[in-house]
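Undergrad: Build the 3D model from these lines:
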Amino acid sequence: MRVLLIIPAFNEEKNIVSVVRQIREQGYDYVVINDGSKDRTQEICREHNINVINLSSNLGIGGAVQTGHKYAFSNNYDVDIQIDGDGQHDISFIPAMLTEIANGADLVIGSRFLENSQGFKSSFMRRVGIKWLSGLIRMLYKKKITDPTSGLRASGRRSMEYFSSNYPTDYPEPESIVALLKRKMEIREVPVQMKARFEGKSSITITGSVYYMIKVTLAMLIEAFSRPAKKRKK
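TA: Residues are numbered from 1 along each chain as shown. Reported below is the predicted structural model:
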């Protein structure tokens, strides 16, 4: 399979070289989506000959990731894998994800909660939010997704094609899961461990976590109960 790693990056000047170095060492194709960074991310990518798409303005995580899906789909990759630009995702788990894609999955999520992980732990509020969203997905579709906010995800051709045209903008992971389940696509999880960021800290505060929960819950419900758009007649 032809595999592309998508790395959305916003103000990751301290991390991006280390992330790309690890990917290059493993021989994977990759593309960095520089999401209108205000720091030296663009210059550093140029200095280190990093394959990068520079967005002229900040589109947010949804717009950046969708740009990567479009790039992967138009360049005929069989699988694209989203990883964070801050070094939290361990690419040693990629082969397990690819195995599930090869065995028929449309989307494979790297989950911190399938086994007793000894890796980096998110905040208490975020873990509460993850359990809530997991329960909501189970209620809507009778599907157990233990880590719906994970940003370590592998997409096969069917989901890649869908995401190239339809992808949520803000905190898109849970909403996009609902969209695929609604369209009868196969979603699986594999156990992974996360790392702490190489440098810097998350921008999501306690207040932001509450706002995120409300907004994502509403978006998931709207997606679940809205009618799919009709295809235009040719």
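Undergrad: contacts and neighbour counts: CA atoms only from here.
TA: OK.
Undergrad: for the chain, what spans make up the helices?
TA: 16-26, 41-47, 60-74, 94-102, 124-141, 157-165, 173-182, 206-225 (DSSP state H).
Undergrad: Could you dump those helices into a markdown table with mean pLDDT and distance to Phe10 added?
TA: Putting those into a markdown table (pLDDT from 0 to 100; distance: least, Cα to Cα, whole Å) gives the following:
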| stretch | mean pLDDT | distance to Phe10 |
| --- | --- | --- |
| helix 16-26 | 97 | 10 |
| helix 41-47 | 98 | 8 |
| helix 60-74 | 97 | 9 |
| helix 94-102 | 98 | 23 |
| helix 124-141 | 89 | 21 |
| helix 157-165 | 98 | 20 |
| helix 173-182 | 96 | 17 |
| helix 206-225 | 82 | 18 |
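Undergrad: Quick one, which of those gets closest to Asn34.
TA: Closest approach to Asn34 among the helices of the chain (Cα to Cα): helix 41-47, 6.8 Å.
Undergrad: pull the CA atoms of the closest one into CSV?
TA: What follows is helix 41-47, C-alpha atoms only, in CSV (Å, rounded to 0.1, in the frame of the first residue of the first chain):
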residue,chain,number,x,y,z
THR,A,41,7.4,26.9,11.0
GLN,A,42,7.3,27.8,7.3
GLU,A,43,11.0,29.0,7.3
ILE,A,44,12.1,26.0,9.2
CYS,A,45,10.4,23.6,6.8
ARG,A,46,12.1,25.4,3.9
GLU,A,47,15.5,25.3,5.6
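Undergrad: coming back round to it: between the helices of the chain, which gets nearest to Ser150?
TA: Closest to Ser150 of the helices of the chain is helix 173-182 (Cα to Cα; 7.0 Å).
Undergrad: just checking, what packs against that closest one?
TA: helix 124-141, strand 187-191, helix 206-225 (3 or more Cα pairs under 8 Å, 6 or more residues apart in numbering; DSSP states H and E).
Undergrad: picking up where we left off before, now render the helices of the chain as CSV, adding mean neighbour count and distance to Pro191.
TA: Listed next are these as CSV, based on neighbours: other Cα atoms under 10 Å; distance: least, Cα to Cα, whole Å:
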stretch, mean neighbour count, distance to Pro191
helix 16-26, 16, 20
helix 41-47, 17, 31
helix 60-74, 22, 22
helix 94-102, 18, 9
helix 124-141, 16, 16
helix 157-165, 19, 21
helix 173-182, 21, 17
helix 206-225, 15, 24
